[in-house]
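S.K.: Provide a 3D model corresponding to the input given below.
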Amino acid sequence: MGRLGTAYLRGLQAIGRRLDYGTNAFDREWDVLVVLDACRADLLRSVAPDFEFLGGVETVRSVGSSSSEWLENTFVDRPETARTAMVTGNTWTDRYLDAGAFAALDEVWKYAWDEAAGTVPAAAVTDRAIALARERGPDRLVVHYMQPHHPFVPEPLDGDDGLARTGSHSNAGNPWVLLRRGEVSVERVWAAYEANLRHVLGEVESLAANVDGRIAVTADHGNLFGEWGLYGHPMHAPVPALLAVPWATIDGADEETREPTLTPPEPLPVSRVHGGEGETDRDRLRALGYL
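M.R.: Got it, this is the predicted structure:
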């Protein structure tokens, strides 16, 4: 992003920091909140007919345009967290959330990282969510999948090395940088993005058959494909297409069709556990495209 582009984004962010965005998820009705990272409302609506368990998909306004912003605006200083368990593949939780404020905080990314895929497998998050729901029986359960956020598991994108932040400091290969440079088509990225959503929805369907209660399926934020001249999901960006996220409700019932096999290496909350020799927390953030 050139100087003019950077100045433009910073100008938008200056405005965004002064705006109130959407409605906090805790002010809506749900027992289980499924968060699909970086999922646009129009994308989920377009594939919903192929997933009968979903039903209708509404559009609601997010409280943040990036994961860190959404986490802070959703959970910090909310008394409901004391009765809420959270299972997450999103690495920002370690920076923005206090594990002691939750009934349980299971940061699956700390111990179930898939080195080959460069992300947290959706199946690992499902396993831990089912286990926690059965073991703890929390009043509310948040299940945060990393998909459909890149890297795109079913259809990896050449040049997506996940090494750059998708905001004002993008200077390496990820889908949004490639799009901005014209090195890949919108159609190619959208197809991979959609495939990643379809991939994770299979896990959401399994989750719904193994937990009880009213399940709301939503996203922390969307993804920009050139709207307002921007790509990805920069922080504090008051762009309607980025803040428009899905909201679909389904009835979950534990039919015990799945027995979780994944267990944390230590009692919750888990300390930082690295998957590779010499790996650092920044390496994991880079692989998710945040640095």
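
S.K.: Please count neighbours and contacts with C-alpha atoms only from this point.
M.R.: Fine.

S.K.: pull the CA atoms of stretch 251-259 into CSV?
M.R.: Output in CSV follows, covering the C-alpha atoms of stretch 251-259 (Å, rounded to 0.1, in the frame of the first residue of the first chain):
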residue,chain,number,x,y,z
ASP,A,251,-31.5,-25.6,17.6
GLY,A,252,-28.7,-27.8,18.9
ALA,A,253,-29.3,-31.2,20.5
ASP,A,254,-26.7,-33.5,21.8
GLU,A,255,-27.3,-36.8,20.0
GLU,A,256,-23.9,-38.0,21.1
THR,A,257,-22.8,-38.8,17.6
ARG,A,258,-19.3,-37.6,18.2
GLU,A,259,-16.9,-38.5,21.0
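
S.K.: so how far is it off the chain centroid?
M.R.: Mean C-alpha position of stretch 251-259 versus that of the full chain (CA atoms, centre = their mean, to the nearest Å) differs by 23 Å.

S.K.: repeat for stretch 9-25
M.R.: With CA atoms, centre = their mean, you get 19 Å for stretch 9-25.

S.K.: quick one: buried residues of it?
M.R.: 9, 10, 12, 13, 16, 21, 24, 25 (16 or more other CA atoms under 10 Å).

S.K.: ok, so what distance separates the fifth one from residue 42?
M.R.: This means residue 16. 22 Å (CA to CA, to the nearest Å).

S.K.: In terms of helix, strand or coil, where does residue 193 fall?
M.R.: helix (DSSP: H, G, I helix; E, B strand; the rest coil).

S.K.: please renumber so the chain begins at 39
M.R.: Understood, numbering begins at 39; the last thing we discussed is residue 231.

S.K.: Residue 288 versus that one, what's the distance?
M.R.: 23 Å.

S.K.: quick one: which of those two has more around it?
M.R.: residue 231 (28 against 18; other CA atoms under 10 Å).

S.K.: I figured the more buried one was touching residue 186, is that so?
M.R.: Yes: if you go by CA atoms under 8 Å, residue 231 and residue 186 touch, sitting 6.0 Å apart.

S.K.: Please tell me how far residue 280 sits from residue 294.
M.R.: Counting by CA to CA, the gap from residue 280 to residue 294 is 37 Å.

S.K.: Residue 94 too?
M.R.: From residue 94 to residue 294 the distance is 26 Å (CA to CA).

S.K.: okay, these two: which has more neighbours?
M.R.: With neighbours defined as other CA under 10 Å, residue 94 and residue 294 compare such that residue 94 has more, 15 against 10.

S.K.: tell me the contacts of the more buried one?
M.R.: 83, 86, 286, 287 (CA atoms under 8 Å, 6 or more residues apart in numbering).

S.K.: what does stretch 140-158 rub up against?
M.R.: 119-129, 131, 137, 159, 162-163, 166, 176, 184, 189, 191, 302-303, 306-313, 325-326.

S.K.: What about residue 296, how many residues nearby?
M.R.: 15.

S.K.: do the one 4 residues further on as well
M.R.: Around residue 300 there are 16 other residues, counting by other CA under 10 Å.

S.K.: Was I right to think it contacts residue 167?
M.R.: No: contact criterion CA under 8 Å: residue 300 and residue 167 do not qualify, at 10.3 Å.

S.K.: any chance you could map the strands in the protein?
M.R.: 70-74, 96-99, 122-126, 142-145, 178-183, 251-256, 262-263, 269-270, 282-290 (DSSP state E).

S.K.: any idea which of these scores lowest on pLDDT?
M.R.: With a mean of 91, strand 269-270 has the lowest mean pLDDT of those.
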